[in-house]
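Asks: one predicted model, sequence on top.
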Amino acid sequence: MDIARKLAVVTGAAVGIGRAIAVRLAAAGAEVVVADVDAAGAAETCALIGPAARCVEVDLRDDAAVRELMACQPQILVNNAGGGAVLRPCFPEANLARWSASLDVNLRAPMLTTQLALPGMRAAGGGAVVNVGSTAGLGFEPHVSPEYSAAKAALIRLTATLAPLHASHGVRVNCVVPDWVATPRGLREREALSPAERGPELVPLDSVTDAVVRFVTDESLAGRVLLLDRAAEPRYLPWSRPPSADTIPP
């Protein structure tokens, strides 16, 4: 798909990964809606992009606000907003409001934005949804925030489930699953660790933005899930494959 003049919504685009994705899509010619609860940060992102961007202050836990955001009917949707991995306390000690909020931002919001985007994309003859997951959603090791890791695992599974159901309408659903990324915050946090604690170098921010643009533009990658592990080369998850009729249950 040619990105030029396509409308893209990027959630969580005020800082970090979301900002980098928004800037990269705009550089490729897209018109970008910078969506974030952080109005000041979103405005900074829009200033970096220029006239091709507009800011929308939105709390993704508010269904009415999400519906208003998605009324623009984008051809590209990047579900990047997330977080909560460092909130304390976490499940099961956290109260319902705390862990439910994490599920709302990391899973329920991308489900709703995708649900609202799909009819317009199908009517237009195609579109692209890219979910930004996390390695917290993979494996069987303990994680400091169970609600966050569970939501990210579900987001990966949601991608694999939706991809074959909408590919015949020209709508591609993909997922990028990064390890710890070299955002300004990530670099500061790694630097604060002792040399023994730091581990491998962080995933370059360009690797994430490259993956998003590749998924948006390359129709042959429909349904794929890309793992960006800081200790290994980028690779598609073993079960990830292009959608086909065989993947749709009877």
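Replies: Arrived safely, thanks for sending.
Asks: which strands and helices lie in contact with the longest strand belonging to the chain?
Replies: Looking across the chain with DSSP state E, the single longest strand is strand 171-178. Counting contacts by 3 or more Cβ pairs under 8 Å, 6 or more residues apart in numbering; DSSP states H and E, strand 171-178 packs against helix 109-123, strand 127-132, helix 146-166, helix 205-217, strand 225-228. For every residue, glycine as well, the C-beta is placed using N, CA and C.
Asks: which residues of the protein score low on pLDDT?
Replies: Where the chain drops to pLDDT under 70, the residues are 84-87, 239-250.
Asks: in CSV: the helices and strands packed on strand 171-178, plus distance to Ala192.
Replies: Below are the helices and strands packed on strand 171-178 laid out as CSV (distance: least, Cβ to Cβ, whole Å):
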stretch, distance to Ala192
helix 109-123, 30
strand 127-132, 24
helix 146-166, 21
helix 205-217, 19
strand 225-228, 22
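Asks: may I have the phi/psi pair for Glu57?
Replies: The phi/psi pair for Glu57 (degrees, to the nearest 10) reads phi -80, psi 120.
Asks: picking that back up, show residues contacting the longest strand of the chain.
Replies: Applying Cβ atoms under 8 Å, 6 or more residues apart in numbering, the contact partners of strand 171-178 are 17, 114, 118, 121-122, 126-135, 137-138, 155-156, 159-160, 162-163, 166, 203, 207-208, 211-212, 215, 219, 221-228, 237.
Asks: tell me which residues in stretch 188-207 are buried?
Replies: Within stretch 188-207, the residues that count as buried by 16 or more other Cβ atoms under 10 Å are Leu202, Val203, Leu205, Ser207.
Asks: out of those residues, which is nearest to Leu69?
Replies: Checking the buried residues of stretch 188-207 against Leu69 by Cβ to Cβ gives Leu205 as the nearest, at 24.7 Å.
Asks: is the closest residue to Ala43 other than its chain neighbours in a helix, a strand, or coil?
Replies: What sits nearest to Ala43 in space, not counting adjacent residues and going by Cβ to Cβ, 6 or more residues apart in numbering, is Cys55, at 5.5 Å. Three-state call for Cys55 (DSSP: H, G, I helix; E, B strand; the rest coil): strand.
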